[in-house]
Every structure is written in C-alpha cells, then in structure tokens.
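Asks: mind looking at a prediction? Sequence and model below.
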Amino acid sequence: MTHALLVGNPNCGKTTLFNALTAQNQRVGNWPGVTVEKKTGTIQTPHQTMTLTDLPGLYSLSVDKEASLDEQVTIQALTTMPADVLINVIDASHLERHLYLTTQLLELGKPLIVVLNMTDGAKQQGIDIDMHKLAQQLNCPVIGMQAHKAIGVSALIDQLVCLPAPSNFALDITQELHDAQTALSQHLVQEKKLNTVRALYQAKRILESGDDMRDYAYIIDVTMPYDILYADNRYQHIHTLVQSVQKKKNHSSESITARLDKVVLNRFMALPIFFGVMYAMFLFAIKVGGIFQDFVDISTHTLFVQSSAYILKLMAAPGWVIAFVANGVGVGINTTLTFIPVLAAMFFCLSFLEASGYMARAAFVIDKIMRLLGLPGKAFVPMIVGFGCNVPAIMAARTLDSERDRILTILMSPFMSCSARLAIYTVFVSAFFKHNGQNIVFSLYVIGISLAVLTGFMVRKTMLGGDYSPLILELPAYHLPTSKRLYRDTALRLRHFIWRAGKIILPACILLGGLNALSLSHGMVQYSSGEHSILADAGRFLTPIFYPLGIHTDNWPATVGLLSGTLAKEVVIGTLNTLYTQSPQILDTSSFHFWPSMAEAWHSIPLNIMHFVETLRHPFGDMMSSEPLSRDMYGAMSQHFLGQAGAFAYLLFILLYIPCVSTMAAIRQETHAFYMWFSIIWSFLLAYAVAVGFFQLATWTLHPLSSALWLLGLAFILLLFVLSLTYLSPKNHSLCFVKSCTTSR
C-alpha cells in the first residue's frame, strides 16, 4: 500500500487538500496549530488504496531545540516514518517563501510531488507561474491546484498512482559550507554509524539549525555562522529560480486584503472592530438560533417525554419505570437536541470567521493587550479554539515555542466559554434575560477572556517568570468561504458536540432521574417524589456552601447541577431539566394532547421570526418586558433562583469553576499533575469569589454588613493564595514541573 505524507507551510491548504483526497471531514482553519497531530486517511482508486498522513505545518526543517511540538512532530515523521512519496503543498501567491521548505524536502532523497495550491488567488494578483519549467528546475512533478474547489485533485491522484523517481536536486553552496558539511558527515558515519546519505542529511541540518556546535569544535570551525551562510545560499538559489519561472504583472491598485487590513488592523479601530464582530456573532447565535429553539424544545419534549409517559401510563407501567424512561431517557434526548439551533448558529459564525481569514488577525489585535501584560500574543490563537471546546485549545498550545508560554496558555484556556457553557447560557437567557440575552452572553465571554488574561498575568509574575515572546504569525489572504465548506465545518462541529454531549447527558439523566425518583426509608429503597429523594437529600446537605451566591435550600437542583458539571458542562442543563421537571408532573398525562403540542411547536417558528424582526426594528424597545414561560423547567428556574442577580451569579460560577474531567485530563497530559491541581483550586476559588462578590454587591442594600464581610473575606483569601504562588517560582523549586513536562513526553 502506497503511503504519502502531506507537508507544507501553515495556511497553505494542506488540510483542505487532505479533505478533498480522503473525503474525510477534517477541521480546517487559518492558523498554525489546527492540525496539532498527524492525521491519516485513505485514498481510494480503482487499482489500489493509498494512505495519506496530514502533518502539522512548518516553515523549515532547520529548527532548534526550542521548536514547537508541532514542528517536532513533523520533522520526526519526515525523517523516521516510512513513506513512499512526499506531497509538498505550496501557496502559489507566495512561491519564493514556500520554496525554502521545498528545497529542504528535496534533499531528503524521497520521491516528491509539489502541489501549487491557490492558483486562482495567484492569478488574481497577476502572478503567472510556468509550472513545466518549475518542474524541470526542481526535477520533480508540479501540479496546479485549487483545493477548495477540488480542481487538480484527479491529476494528483494519477501522479500518486505512478510514483515519481527521487529528485537529484542539489543546492549550490560555498566551499566553506561544503568542507564543513563533508567533515561533519564523515564524522557521523564513523561515530554514529549512519549510512552516507543519512549522515549527509544530518550534517546539513546541524549546520543549518544554528544550534550550539561546541561538541564538533575539533572537526569544524564553530565560530563560523553556518546557519546564516546556509540560509543565504538557499535564498539566493530560490530567488534565481523564481525569477526564471514566475512573471508578475504590475498592479497599481492595492489588493482587497491590503485595503481591508488598513481598517481591520488599524491601531485605533482594530479593538472596537474585534469586539463588534464578537458581539455580532453572539447576537446572531442567540437571536437567529433562538428562532428554532422553541420548535426543537417543544417537539422533542412532546415526542420523547410526554409521549413516552402517556404510552407507559396506558400500559399501566409502574411509576419508577415511567420516571426512568420519560424523566431519564426522554429528558436526556430533549436536553441534548434543544441546544442544536443556537450552537449551529454559533458554529456557523466561527467557521465563517476562520475560513474568511479574520480569526488569524484577531490574534494580532489582542496581542497589543497581551504584550502590555507580558503575555504571549500567540496564546490567544488556542484560546479562540476554546470557544468550541477547551480540550483542543489545550492541545493547540503545542504550537508555542516556549515551554513557559505553553503552560501559561494551558492555564488560561479553561476560562474560555466552550460550546457546552454556551448551551447553559442559552437556557438561562431564555428564562431570565429574554430580550437582551446577547448582552448577557457577550458579557460572560468578555469576563472569561479578561480573567484568563488576569490568570496568565498572575502566573507570569509569580510561578513562571520569563521574557516576553513576540508574536510571529502569517496572515492569510481574505477569502469568501464557500457554502459547502461552511456547511461541512458547521455540521462537523455540531455532530461532534451532539455525540460528545449525548453520550454523557443520557446516562447522567438516567442516573439522576433514578436517584430523584427513589428514597431511603428505614433502610429500604422505594419510589418517591423528587422532594424526598436520595438526590434531594444530598443536594440539600451541600447547598449551604452556595448560599452566599444566592442558592437557597429549596434550590438544591442547582447544587446538583454544579456537581455534575465537573464531569462535563453539558450535563448541567440535563441535570436541571431532570430535577426541575418533577416526576408527579410526568405521571399526570390527563392534559397531554400530541397534535396540539406539535402544532404549538410549528407555530413557534413564525412567532419567533416576527419577534426577531420586531427586535431589529426596535432594538432598544421594551427591554424589560417579559412573557410567561410555558415550559416546566423555565418556570421552575424562575421560582427557585433569586431573580436576575441570582441567575447571573450562577452563570458566573459556571463560567469559571472547575474544568470538566476531559479538560483536567488534557492539562495533566500536556503539563504535570501540579498544574492540573493548580487549575482546579484556582478556578474554584476564582469562581466562588466572583460569583459571591457579584451577588453580594447586587443585593448590598438588603444586608450591607454581611456583604461587606463576605467581600473582605474573599479578597483576603485570594490575596493569600496569590502570595503563596511566589514560593512556587522557577528560582525556587517549581522549575522541576516545567522540566518534567518535557521529559514526560
């Protein structure tokens, strides 16, 4: 079976081509680190099946010991992984820059196919490339490609079927480099027992990397700047080559990308535009997604909860069976599917911003703020990934070069509002902030980002001091994403969320529904209403801990929701939905009518559209008006939470408290157990302090003395915790944790 490796610079279209070749829905983005591990797919042809591996992007094979994990993964795969052919993807608009890696790949001595991608973009810029002549100069096949339209894919597959011969490309180098290269390769053959080809390649990489070469002082002149000489020779060769194969027409007018960047990256307008884009995204998700949320909620509740209870009641099933099926399985399905409209709208916006090229620029915009605080601007790129899920955000921190920056980014990422938290926000917005929900959601996202930056600043000043790492990031050209790509990316994210959430929510709802329908009496387990269940007793026991943030004893389901949320944030709404919808109401099916309920679901769509249009016409009108909530859960929430202040305090706690189990495992895997426990303790302290502080300030007039005591006490505890971190600074003993992160891998 033929095995091909797909390699190229970041943002050259590797993953898009990977999708086109393998028909796999792989995540596509516009920043380094989207592909944080090598990913493999298969190419089916009439004659054979080929394996294709998509490697993380990199700019050069000559990297030092401080290279990012992405670059290390790629170089290790290229040098040790058995491969029949390499596919080097090049952005045709930046031929000279991308050929640096190409010339290094040719020196590996493996068959190479060059894919000249984005040829349409090059033509729009007046760039004409003679691909036949380029193939002759490189001594390898060159194929023109428009990967996003699948143009040129069949030609590439045909070339893969008939593998090319290895290239005999050789870079012209100076006599000084030749002598040093020969001496070093002979040493490697004798001392390392490498074959001649492998030793020559290794010698080139050592000289070109710029690493400390004092170990070779008795072989070569280590005072010579071999890395600079090598780079100069390579760039001169590439420049001469490009001049012979590329013609560029003079364009007096600026490109669309340059004109847009004058506005989007303007020093005064960049930040307002960024927050405006974020706000518009949340407005679109809440308002447009909300149009269909009532339909999904009512219809799935009718189909899976009320209908199942009605049928089981007709069959004279026991109460615990009805509670198990309707209040467990039915509510779990209803909870999972209700999230779909708002999350689909959010994922659509994120996919559009990523594919268009704006998200890469967002990192530069935020870099100005991060730089003032001494934080790495590139950390914001993984943090943006955290809007979908915190786990890949933590994994994406591998793209950072500095170990300290990686740890900082990992500790900041859990404060980003993931899609599971957005689902919780959506439910509370529907219950308490019906007409200004986008403002609430936007404020939660901003608070999360702000406290993430604060956490990074605190850790940088205490445990992980060090120099500022400048942001170096290639900005892709602006693109108008195709509807096919937007649909694919949105569907992929949505399917992943539904699968991940569903397999957690369903078992959790079944377990919680069972515990909420059973009670212990004289050592016997028996069926009981939720108020006297095992779960209710446990919830009431723990609820006093959360009394300062507005959760009273009768709102014990909120406490259980927080506990279950440590497993996965998706479970919180499933827990609340299960516990607020009490079993006696499920058993009462006398008022159930299937078709009227389904008709109500359908009628909710035009009603919500009319309300959305009215909101657009009068965005500031009647913001405080409310309408009666028809669904049991929303009604119960309105009764148990202490108004909007109590609801928002609860959301603040949800935003900041202990990461889910998957996130904690990712932190442990990428760093050390110390940082996992630090994240758990710090996030709980911060969540408790912020949520309690907000609620006490919001209700200050009711109990000024106790509120003042709570605020002073929390401030003292936080200060004590922060001061204790200074004893864990690298100059004392915590550097072992940093070092162990590297050795553990």
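Replies: Received, thanks.
Asks: when you work out contacts or count neighbours from here on, use the C-alpha atoms and nothing else.
Replies: OK.
Asks: show me how far the longest helix seen in the chain is from its chain's centre.
Replies: Under DSSP state H, the helix in the chain containing the largest number of residues is helix 483-515. The gap between the average C-alpha position of helix 483-515 and the chain average comes to 16 Å, counting by CA atoms, centre = their mean, to the nearest Å.
Asks: which parts of that helix are buried?
Replies: Buried residues in helix 483-515, defined by neighbour count with 16 or more other CA atoms under 10 Å: 485-486, 488-494, 497-498, 501-502, 504-506, 508-515.
Asks: what is the mean pLDDT for it?
Replies: When pLDDT is averaged along helix 483-515, the result is 77.
Asks: packing partners of that helix?
Replies: In this structure, helix 483-515 makes packing contacts with helix 331-338, helix 340-356, helix 534-542, helix 570-580, judged by 3 or more CA pairs under 8 Å, 6 or more residues apart in numbering; DSSP states H and E.
Asks: mind running it again at 7 Å?
Replies: With contacts defined as 3 or more CA pairs under 7 Å, 6 or more residues apart in numbering; DSSP states H and E, the secondary structure elements packing on helix 483-515 are helix 331-338, helix 340-356, helix 570-580.
Asks: deepest in the core, which of these is it.
Replies: For the helices and strands packed on helix 483-515, the stretch with the most neighbours on average is helix 570-580, a mean of 28; neighbours defined as mean count of other CA atoms under 10 Å.
Asks: packing partners for that helix?
Replies: Using 3+ CA pairs under 7 Å, 6+ apart as the contact definition, the elements that helix 570-580 packs against are helix 331-338, helix 483-515, helix 556-565, helix 632-640.
Asks: any idea of the mean pLDDT for that helix?
Replies: 77.
Asks: C-alpha coordinates for it, CSV please?
Replies: These are the backbone C-alpha positions of helix 570-580, laid out as CSV (Å, rounded to 0.1, in the frame of the first residue of the first chain):
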residue,chain,number,x,y,z
GLU,A,570,-23.0,19.5,29.0
VAL,A,571,-24.6,17.6,31.9
VAL,A,572,-25.6,20.8,33.9
ILE,A,573,-28.7,21.5,31.8
GLY,A,574,-29.6,17.9,31.6
THR,A,575,-29.4,17.7,35.4
LEU,A,576,-31.6,20.9,35.9
ASN,A,577,-34.1,19.7,33.3
THR,A,578,-34.4,16.3,35.0
LEU,A,579,-34.7,17.6,38.6
TYR,A,580,-36.9,20.7,37.9
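Asks: which residues sit against it?
Replies: 327-328, 331-332, 335, 420, 424, 501, 504-505, 508-509, 512-513, 516, 557-558, 561-562, 564-565, 633, 636 (CA atoms under 7 Å, 6 or more residues apart in numbering).
Asks: dig out what residue 113 forms beta bridges with.
Replies: Bridge pairing for residue 113 (DSSP bridges) gives the partners residue 87.
Asks: show me what stretch 140-158 is in contact with.
Replies: 16-17, 20-21, 112-120, 131, 135, 167.
Asks: taking these together, which two end up most distant?
Replies: 120 and 167 (27.6 Å; CA to CA).
Asks: who has more neighbours out of these two?
Replies: A count of neighbours by other CA atoms under 10 Å puts residue 167 above the other of residue 120 and residue 167, at 19 against 15.
Asks: OK, contacts around the more buried one?
Replies: Contacts for residue 167 were tallied using CA under 7 Å, 6+ apart; they are 106, 109, 111, 139, 140.
Asks: circling back to that earlier point, compare the contacts of stretch 140-158 and tell me which has the most neighbours.
Replies: Ranked by neighbours (other CA under 10 Å), these are led by residue 113, which has 29 neighbours.
Asks: returning to that earlier point: indicate which one of the helices and strands packed on helix 570-580 is closest to residue 60.
Replies: Proximity to residue 60, assessed across the helices and strands packed on helix 570-580 by CA to CA, is greatest for helix 483-515 (29.2 Å).
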